[in-house]
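1. next input, structure requested:
(chains A and B)
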Amino acid sequence: MLKFLSVNTPSQWVDRQRRLVGTLGIAQSGPLDLRAFLHNLHIMQGISSIQLETFGVLSFTVDESVSFCVTGGEVVIHVDEHEYSSYQRISLHKGQIVKVNTPTMGRLLYLGFSAKPEVIEVLGSVNSLKREGFGGHNGDGEAFIKAPFQCALNQPSVLKQTNFTKRHAIFATLNDNCVPVIPGYQNADFSVVAKHVFIEQTYQISAQSNRMGYRLLGKQSMVAPQISQSQPIGLGAIQVPADGQPIALLADRQTMGGYPVLGCISRLGIGALTQAKGDVKFSWTSVEQARCDWSARLSLDFAILTD
Amino acid sequence: MQIQHFHISAVNETSWLCRLVAPSQSWLPWLRSLQKHPPAWLVDCISGPNEALLVTDDNFDPWQIRHSIEATLLSTDSLSAQTKAHELVISTEHAVDVQSVADATGLEISNIYGLLAQHTFTVTANGFAPGFAYLSKVPNALILPRRKTPRTKVPAGSFAIASEYAAIYPAESPGGWHILGYCAAPMFDLTREQPCLLNIGDTVRFTFTGRHA
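-> Modelled structure (predicted):
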């Protein structure tokens, strides 16, 4: 049994994604920072397919030995009086108390176990969609877990405790607040001036941002073209509504949108955006370059995170 | 329908926007077939009236996209094309926008409902929210842009029109369409084998009741 003693930031269970739900009008959902989620899955040898996506500041205990790992941001973790860090595979024994602090670098954390948390699946996934009222730990769409909260950990195992000494190379990439965007959709219909404004200025991430979309606030707004029909929306689409301030549409987005789209943020870019602590700046990339960058980065990461 | 009828562009690392170059009768059967017999490489499909977003597996070779889509065109199953014909009852008691629609179109209120009742709509897309079906095509005399200021809350069951579409809001949500009535039939129910009441290719006819009918 996994018992959360305190959960002080929005925290929810996620898995990779739903499959083939777009025709129902449902988003695939999944982790906001896929790279960090895959790191955890790699470190936990493929077992942690369900992870807690959190901003930190939580504590928990278990009543059976299990291993766990935190990925994403850089964060200090205490197991009783022993200090650890994210990107370490840690063994945990019955009754020990784990405290996860606020990340010192990056924002989002992924907590995974060498066990399967017993969380209700809806349409083949534990991802919650509060807007639609389904998924989540009770299956009713209530996304965020609140302490005291407990759930069964099925098939717990203990893996070799490992200190990945080159993990700082991964933390170094968390400083990158540059977000690559693949031009697409109505990109050609935006004026040169609008695209110049988009690329040249920095954007603040609005406090209203959530898993559905990150609202971005720039000093100058863009003039967006009009579109007459709703269109299918891909992950990371940068939609520009009438106020000229872009919205990055993320894992829990609505599947169709009626506003013009400049393009989609690359996978690495979505990670950079969701882990950014300060302002962000956009750059253009090609889809081929984005694929190469993703594969290269992930290969390097997995090499760093191998025993 | 052949692969030459598609304009295919990658929008991100694993998503492909497939636009029809010219309208085709085979479009909706193809989408239904994809839904019923998805190829292993397809992890999601979001379909619009003339375009679909296909999301491929992480391990999919992007160079194979045209070939892979072509294979789905060749294997389109005519049985998957079987659709349902729905008859839905719409109450006009809560038609909060009927007067503004009458003003904008210059039609009498009774004519608005008369035109809609004579028409057979086809579901050409699902999206925006679970169970939200885009019903094509509203008669030309009723084609209006969305409201200038969207409502923050549109009640569940609201029957509304905007642009060339009609729709029934499956749940309370924000929305900028013109509300012309209320439908009691649940549009989305996870306990049903097919959660959406209205699916791609289905046809819908409306019967209007209440004081404006």
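2. so how far is chain A from the residue nearest the centre of chain B?
-> For chain B, the residue nearest the mean C-alpha position is B:Y134 (2.3 Å; C-alpha atoms, centre = their mean). Note on B:Y134: its distance to chain A, by C-beta to the nearest C-beta, to the nearest Å, is 7 Å. (C-beta placed from N, C-alpha, C; glycine too.)
3. so that residue, which of the three states?
-> strand (DSSP: H, G, I helix; E, B strand; the rest coil).
4. cool, A:V197 as well?
-> From three-state DSSP, the assignment for A:V197 is helix.
5. circling back to that earlier point, which strand residues bridge the residue nearest to the centre of chain B?
-> Taking DSSP bridges as the rule, B:Y134 bridges to B:A125.
6. against A:V70, how distant is it?
-> B:Y134 is 43 Å from A:V70, where distance means C-beta to C-beta, to the nearest Å.
7. equivalent analysis for A:F302, please.
-> 17 Å.
8. which one of these two has more residues nearby?
-> A:V70 (30 against 13; other C-beta atoms under 10 Å in any protein chain shown).
9. that one is in contact with A:L109, isn't it?
-> Yes - assessed by C-beta atoms under 8 Å, A:V70 is found in contact with A:L109 at 5.3 Å.
10. what ranges do the helices span in the chain?
-> Using chain A here. Secondary structure of chain A by DSSP state H: the helices cover A:34-43, A:168-172, A:192-200, A:267-275, A:287-304.
11. that answer is for a different chain, and I need it for chain B
-> Going by DSSP H, chain B shows helices at B:27-36, B:65-74, B:98-105, B:109-118.
12. among those, which comes closest to chain A?
-> Across the helices of chain B, chain A has its closest neighbour in helix B:27-36 (5.1 Å, C-beta to the nearest C-beta).
13. for the closest one, which positions count as buried?
-> For helix B:27-36, the buried set under the neighbour-count rule, 16 or more other C-beta atoms under 10 Å in any protein chain shown, comprises B:27-35.
14. check those residues against chain A, which are close?
-> For chain A, the contacts drawn from those by C-beta under 8 Å from any C-beta of the partner chain are B:31, B:35.
15. redo the buried residues of helix B:27-36 as JSON lines? Include pLDDT.
-> Converted to JSON lines, the buried residues of helix B:27-36 look like this (pLDDT from 0 to 100):
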{"residue": "B:W27", "pLDDT": "88"}
{"residue": "B:L28", "pLDDT": "87"}
{"residue": "B:P29", "pLDDT": "88"}
{"residue": "B:W30", "pLDDT": "90"}
{"residue": "B:L31", "pLDDT": "90"}
{"residue": "B:R32", "pLDDT": "88"}
{"residue": "B:S33", "pLDDT": "89"}
{"residue": "B:L34", "pLDDT": "90"}
{"residue": "B:Q35", "pLDDT": "87"}
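16. ok, which stretches of chain B are strands?
-> B:6-10, B:15-20, B:42-47, B:51-56, B:85-91, B:121-126, B:133-136, B:151-154, B:158-162, B:165-168, B:173-175, B:178-183, B:203-209 (DSSP state E).
17. to A:Q51, which of these lies closest?
-> Closest approach to A:Q51 among these is made by strand B:42-47 (19.1 Å; C-beta to C-beta).
18. okay, now the sheet partners of the lowest-mean-pLDDT helix or strand in chain B, with direction.
-> In chain B, the helix or strand scored least confidently by mean pLDDT, DSSP states H and E is strand B:173-175, which has a mean of 84. The sheet places strand B:173-175 alongside strand B:151-154 (antiparallel), with pairing taken from DSSP bridges.
19. roughly how far out does the strand it pairs with sit from the chain middle?
-> 20 Å (C-alpha atoms, centre = their mean, to the nearest Å).
20. contacts made by it with the rest, please.
-> B:160, B:169, B:172-177, B:179 (C-beta atoms under 8 Å, 6 or more residues apart in numbering or on different chains).
21. export these to CSV and tack on neighbour count?
-> Below are the contacts of strand B:151-154 laid out as CSV (neighbours: other C-beta atoms under 10 Å in any protein chain shown):
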residue, neighbour count
B:A160, 24
B:Y169, 24
B:E172, 13
B:S173, 19
B:P174, 10
B:G175, 23
B:G176, 15
B:W177, 22
B:I179, 22
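22. and the strands in the stretch 101-250 of chain A?
-> A:105-113, A:116-117, A:149-151, A:153-154, A:162-163, A:178-183, A:204-205, A:213-217, A:231-232, A:237-239, A:247-249 (DSSP state E, counting those that start in this stretch).
23. figure out which of the ones you listed is closest to chain B.
-> strand A:231-232 (3.6 Å).
24. that closest one and chain B in contact?
-> Yes - applying C-beta under 8 Å from any C-beta, one finds strand A:231-232 in contact with chain B at A:231-232.
25. tell me the contacts of A:V287?
-> A:182, B:10-13.
26. let's see it at 6 Å
-> A:182, B:10 (C-beta atoms under 6 Å, 6 or more residues apart in numbering or on different chains).
27. how about B:L197?
-> Contacts of B:L197 by C-beta under 6 Å, 6+ apart are B:M187.
28. neighbours of the spatially closest residue to A:I238 that is not a sequence neighbour, how many?
-> Closest residue to A:I238 apart from its sequence neighbours, by C-beta to C-beta, 6 or more residues apart in numbering or on different chains: A:L262 at 4.5 Å. Applying other C-beta under 10 Å, we find 27 residues neighbouring A:L262.
29. any low-confidence regions in the stretch 51-200 of chain A?
-> Within the stretch 51-200 of chain A, the segments meeting pLDDT under 70 span A:139.
30. ends of stretch A:281-291, what's the gap?
-> Stretch A:281-291 has its terminal residues 20 Å apart, counting by C-alpha to C-alpha, to the nearest Å.
31. can you check stretch A:260-271 too?
-> 23 Å.
32. mind listing what A:Q226 touches?
-> So A:Q226 contacts nothing (C-beta under 6 Å, 6+ apart).
33. whoops, B:P38 was the one
-> A:L20.
34. which residues of the stretch 1-150 of chain A lie near chain B?
-> The stretch 1-150 of chain A has residues A:19-20, A:22-26, A:28, A:132 near chain B, with proximity defined as C-beta under 6 Å from any C-beta of the partner chain.
35. name the member of those residues with the most neighbours.
-> A:I26 leads the residues of the stretch 1-150 of chain A next to chain B on contacts (other C-beta under 10 Å) with 31 neighbours.
36. and for stretch A:266-275, what are the contacting residues?
-> With C-beta under 6 Å, 6+ apart as the criterion, stretch A:266-275 contacts A:32-35, A:106-108, A:174, A:176, A:179-180, A:182, A:236, A:280, A:285, A:290, A:293-294, B:13.
37. now do stretch A:118-137
-> With C-beta under 6 Å, 6+ apart, stretch A:118-137 has contacts from A:12-15, A:18, A:21, A:29, A:50, A:139, A:141-143, A:145, A:151-152, A:154, A:252, B:130.
38. give me the buried entries from these.
-> Buried among the contacts of stretch A:118-137 by 16+ other C-beta under 10 Å: A:12-15, A:18, A:21, A:29, A:50, A:139, A:142-143, A:145, A:151, A:252, B:130.
39. show me which pair in these is furthest apart.
-> Within the buried ones among the contacts of stretch A:118-137, two members stand farthest from each other by C-beta to C-beta: A:C151 and B:P130, at 25.9 Å.
40. which strand residues bridge residue 178?
-> Answering for chain A, as no chain was given. Residues in beta-bridge contact with A:C178 (DSSP bridges): A:K281.
41. hmm, no, I was thinking of chain B.
-> Here B:H178, judged by DSSP bridges, has bridge partners B:I161.
42. so which residues on chain B come close to chain A?
-> Contacts of chain B with chain A, taken as C-beta under 6 Å from any C-beta, map to B:10-13, B:15, B:35, B:38, B:43-46, B:48, B:53, B:126-130, B:132, B:195-196.
43. pLDDT score for the residue nearest to A:R19 when sequence neighbours are not counted?
-> Distance criterion C-beta to C-beta, 6+ apart; nearest residue to A:R19, sequence neighbours excluded, is B:V43 at 5.2 Å. pLDDT, B:V43: 96.
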